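Visitor: this is a predicted model, with the sequence first.
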Amino acid sequence: MTNRRDFLKLSALAVAATSGMPGFLARAATQAGGKKTLVVIQLTGGNDGLNTLIPYSNGAYYAARPNIAIPKKDVLTLTGDLGMHPALKPLMGLWDSGDLAWMENVGYPNPNRSHFASMAIWHTADPTQAQAEGWIGRLAEQIGDPFCASNVGGSTPQALRAGDFSLPSIESVDNFQLKLPSGMDTPFQSLLNSPRTGEAAYLTRATRQMLKNTARVQENAKKYKAGATYPQTRFAGQLKETARLIAAGVGQRVLYVSLGGFDTHAGQRAEQDELLSTLAEGLAAFYADLEKQGVAGDVVVMGFSEFGRRVAENGSAGTDHGKGSVMFALGQGVKGGIHGSSPDLEKLSEGDIIYKQDFRGVYAEALTKWLGLNAREILGGTFSGPSWLA
Amino acid sequence: MTLSPLSRKLTAEDAAHFLRRTAFGATDDQIRALAGKDARSVARAALAFDQSLTPKNPFDPMQGAGPGASIQLTRGAWLYEMVYGAWPLREKLALTWSNHFVIGTDKVRNAPALTGYLGALRRHAAAPSFERFTLEVAQLPAMLRYLDNDQNRKGKPNENFSRELLELFTTGIGHYTEDDVREGARALTGWTFTGGRGNTQYLVEPKFANQTGQHDAGRKTYLGQSGAFTGEDIVRLATAHPNTALFVSRKLHRAFLSDTPDEAAVLGSAETWRRTGGNVGAVLEELLSSEAFYASRARIIRSPVEYIVGALRTLGQPTFDAKTLLNLTQTAGRMGQLLLEPDTVKGWDGGREWINDSTLLLRLQVAAGLTLTSKAPNLTEPPSLLALTGQERPAAAVLLSSLKGRQRTYLSMISPEFQLA
């Protein structure tokens, strides 16, 4: 094990010298120096926007949902018409300090009710579903650094796919290192150097990239000192790893975390209540941690789900797949408040709300204003959105 | 265009390839035993499995002290069958079908329901009728629960199963309308199950129930046809849809031929599918003895479970204690494939999706654990390079041959060649 550092150094050199790597991976990282980080939160399964940001003054809302509507008395009031689900209470402090924003009525043209088609649209920022690359993958190509964005968790979402390569997934910072038995360094290097084609070449490339990425993380990881108590959920654990990576200054501009289970076809109240608690408690701890680390001003969180749910509840006290939903953002860089207007619950399309804000406009704001990138190039068009960043 | 059969007798590398794809992997002796045989008879023999289970399986889901423990035991029992069972192709197919007719232990926490689900996947693994397979799956308590059809009642439709029946199980997206989803849900009203609900009933066997009083007997229009359709009717219509042959054939090609299937070859299987009325066994037999199959080497990135089971079968099915086997199911989960718990109802996408920094690191750790640590099995003879890489002279042969047994096995198992099938 004594040779591990040398081994990692050696492999870092080997990566830089590799040919046959996608162009951007071999280029020097030119724009990766920015300090600001965007944390994207994916709520998988179609989070019900109407029970998240609740139009509590709207009779049509209560009429459509006799069993699952959030009673007015339980709503966390934000404005005269809108309030948050009670499980989001841990975020009230952020709202009060003007660091929490809600984007209303967000969707895209020709909405798709398939989880997977719709999620792919959010991942690729392409409602025609022609693109395979993710929007964060394209962002990485623009920055020119294959480590500028990472997923925190088990498997890499399509959003982080770039051309011929997936950006890293980091399950845990501590385990993100290679422990090769002594004496195996040189044979391992030789093994990787054997000529290969096809999927074998892909695996070789991925292994080399992994060696480089783990070295980069481990060099910096010790800079973090725990600054908050996180709840005992997998989601909160991943946010803690995210905070570690940010505090360590490893260089990622985008970090991606997912929370699943929002497909609430039956018994929605119990399920969504718990999920929103997990979300809010995790984010509140994360934000407190960032403040302790002194980096809260450099981080903005942006959350989305692939679609909202049908306005009317179904016969199982749940909701079926709908269109359009709310997005949220938090951080000191955010312009707190409600952006956009609430959907008309009496004028629906096939029982669903009619979206007004294209999500690509929300992305564009983050790309341009927060990360200082060319949003047009990444999103394949010009999209304007609410100015949710200060 | 049907798939042309392989005309030559199997070479040793052909045999290694066949066993990597259909048996997770094999020892040198098992490979040599197939060399020289005819491709069709080899495929036929592998598909001639029965339903017997390995008698000495140490895991019994009915012994679980709670729902969570029973789920763990179900996973352990399945891994054990994959590693030590007599019918690896049956298990490989069950794994493939579990990634088609997806259920998840986040919602299905009843031991007999899970065992019943696995039993159905094994029984229909290479069955003569995809329609009957789908119908049986649609009436399994595990599926009724997972996709909420147990809550689908007359006048109170729940669309979850109806949608996934079309999108994920039969026609695929783009071949149905939102109206089909709604009408299908109406036809499926009344299908539910009794018993086995709740945390205390996790050992009570749930039973399918057709509650006719909850069935919407009215006229429906589904995939272009109209009638007073029942659940049976729409399963029949969905499975008979022309695109179902193509859609499911493509999945079989992804499981057995390539992560990026060749569409011409998929068409060949779809034609056989239509000609035989959805005879999965016939499609598989043709597929597994075709030239296309034998021409497609190292095109599938082994999934975490395939990686682990492949390693254990290549090592000659060494004995492990029950705890280690249970740990391996958890490790597969951390590598992205927790049995009976795909991330979503779509199942695992597989291919390059299996590979990222974290999962690669875990593969390296698993390989080290199986070859270099104190827990590693003692082997009289380490596996041959043919068994490990599928090639008699892989590119790294000189390097690997210069290493001693355990180290050679370790390095081979972390090589791209071993990670591919």
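Guide: Yes, it's here.

Visitor: what sits against residue 353?
Guide: All of this is about chain A. A:Ile353 makes contact with A:Gly49, A:Leu50, A:Asn105, A:Gly107, A:Gly308, A:Val311, A:Gly322, A:Lys323, A:Gly324, A:Pro343, A:Asp344, A:Leu345, according to CB atoms under 8 Å, 6 or more residues apart in numbering or on different chains. C-betas here are computed from N, CA, C, even on glycine.

Visitor: that's the other chain; I wanted chain B
Guide: Applying CB under 8 Å, 6+ apart, the residues contacting B:Glu353 are A:Ser155, A:Thr156, A:Ser166, B:Gly336.

Visitor: for the one helix or strand B:Gly369 maps to, list the C-alpha coordinates in PDB.
Guide: Per DSSP states H and E: B:Gly369 is located in helix B:357-371. Output of helix B:357-371 as PDB, limited to C-alpha atoms (Å, rounded to 0.1, in the frame of the first residue of the first chain):
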ATOM      1  CA  ASP B 357     -16.100   5.700 -10.600                       C
ATOM      2  CA  SER B 358     -17.800   4.300  -7.500                       C
ATOM      3  CA  THR B 359     -19.000   1.100  -9.100                       C
ATOM      4  CA  LEU B 360     -15.600   0.500 -10.700                       C
ATOM      5  CA  LEU B 361     -13.900   0.800  -7.300                       C
ATOM      6  CA  LEU B 362     -16.400  -1.700  -5.900                       C
ATOM      7  CA  ARG B 363     -15.700  -4.100  -8.700                       C
ATOM      8  CA  LEU B 364     -12.000  -3.900  -7.800                       C
ATOM      9  CA  GLN B 365     -12.800  -4.500  -4.200                       C
ATOM     10  CA  VAL B 366     -15.000  -7.500  -4.900                       C
ATOM     11  CA  ALA B 367     -12.300  -9.100  -7.100                       C
ATOM     12  CA  ALA B 368      -9.700  -8.600  -4.400                       C
ATOM     13  CA  GLY B 369     -12.100 -10.100  -1.800                       C
ATOM     14  CA  LEU B 370     -12.600 -13.200  -3.900                       C
ATOM     15  CA  THR B 371      -9.000 -13.700  -4.800                       C
END
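
Visitor: now do the helices in chain A.
Guide: A:4-16, A:23-26, A:59-64, A:92-96, A:115-124, A:135-143, A:185-193, A:198-220, A:234-248, A:268-293, A:359-365, A:375-379 (DSSP state H).

Visitor: which one of the ones you listed lies nearest to chain B?
Guide: Nearest to chain B, of all the helices of chain A, is helix A:198-220, at 3.7 Å by CB to the nearest CB.

Visitor: flag every buried residue along the closest one.
Guide: Neighbour-count burial for helix A:198-220 flags A:199-200, A:202-218, A:220 (criterion: 16 or more other CB atoms under 10 Å in any protein chain shown).

Visitor: contacts for the helix or strand bottoming out on mean pLDDT in chain B?
Guide: Scoring the helices and strands of chain B by mean pLDDT, DSSP states H and E places helix B:397-401 at the bottom, with a mean of 90. For helix B:397-401, the surrounding residues in contact (CB under 8 Å, 6+ apart) are A:Pro187, A:Ser190, A:Leu191, A:Ser194, B:Leu385, B:Gln391, B:Pro394, B:Arg408, B:Leu411, B:Ser412.

Visitor: in ChimeraX, select just the buried ones from these.
Guide: A single ChimeraX command selects the buried members of the contacts of helix B:397-401 (16+ other CB under 10 Å):
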select /A:187,191,194 /B:385,391,394,408,411,412
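
Visitor: name the nearest of the contacts of helix B:397-401 relative to A:Glu291.
Guide: A:Leu191 (45.9 Å; CB to CB).

Visitor: on that earlier part again, what mean pLDDT does the helix holding B:Gly369 get?
Guide: Helix B:357-371 carries an average pLDDT of 94.

Visitor: taking helix A:198-220 as reference, get the angle to that helix.
Guide: 100 degrees (axes from the mean of the first three to the mean of the last three CA atoms, to 10 degrees).

Visitor: ok now helix B:357-371, how far from the chain's centre?
Guide: Helix B:357-371 has its C-alpha centroid displaced from the chain centroid by 23 Å (CA atoms, centre = their mean, to the nearest Å).

Visitor: does that helix reach chain A?
Guide: Yes. Applying CB under 8 Å from any CB of the partner chain, one finds helix B:357-371 touching chain A at B:Asp357, B:Ser358, B:Thr359, B:Leu360, B:Leu361, B:Leu364, B:Gln365, B:Ala368.

Visitor: grab the longest helix from chain B for me.
Guide: Longest helix in chain B, counting by DSSP H: helix B:67-84.

Visitor: follow-up on the earlier one: please pick the buried ones from the contacts of A:Ile353.
Guide: A:Gly49, A:Leu50, A:Asn105, A:Gly107, A:Gly308, A:Val311, A:Gly322, A:Lys323, A:Gly324, A:Pro343, A:Leu345.

Visitor: which ones among those are found in strands?
Guide: A:Asn105, A:Gly107 (DSSP state E).

Visitor: what's the burial count for the residue nearest to A:Arg113 when sequence neighbours are not counted?
Guide: Closest residue to A:Arg113 apart from its sequence neighbours, by CB to CB, 6 or more residues apart in numbering or on different chains: A:His321 at 4.2 Å. Neighbourhood size, A:His321 [other CB atoms under 10 Å in any protein chain shown]: 25.

Visitor: please apply the same query to A:Gly294.
Guide: 10.

Visitor: please apply the same query to the one 4 residues further on.
Guide: The tally of other residues near A:Asp298 (other CB under 10 Å) stands at 18.

Visitor: looking at it, it is touching A:Thr37, isn't it?
Guide: Yes. A:Asp298 lies in contact with A:Thr37 (CB atoms under 8 Å); the separation is 6.0 Å.

Visitor: shared neighbours of the two, anything?
Guide: Residues touching both A:Asp298 and A:Thr37 by CB under 8 Å, 6+ apart: A:Ile246.

Visitor: circling back: and of the contacts of helix B:397-401, the nearest to B:Asn279?
Guide: B:Asn279 lies nearest to B:Gln391 out of the contacts of helix B:397-401, by CB to CB, at 34.1 Å.

Visitor: got the contact list for the closest residue to chain A within chain B?
Guide: Distances between chain B and chain A by CB to the nearest CB are smallest at B:Lys156, namely 2.0 Å. For B:Lys156, the contact set (CB under 8 Å, 6+ apart) comprises A:Asn314, A:Gly315, A:Ser316.

Visitor: much appreciated, bye for now.
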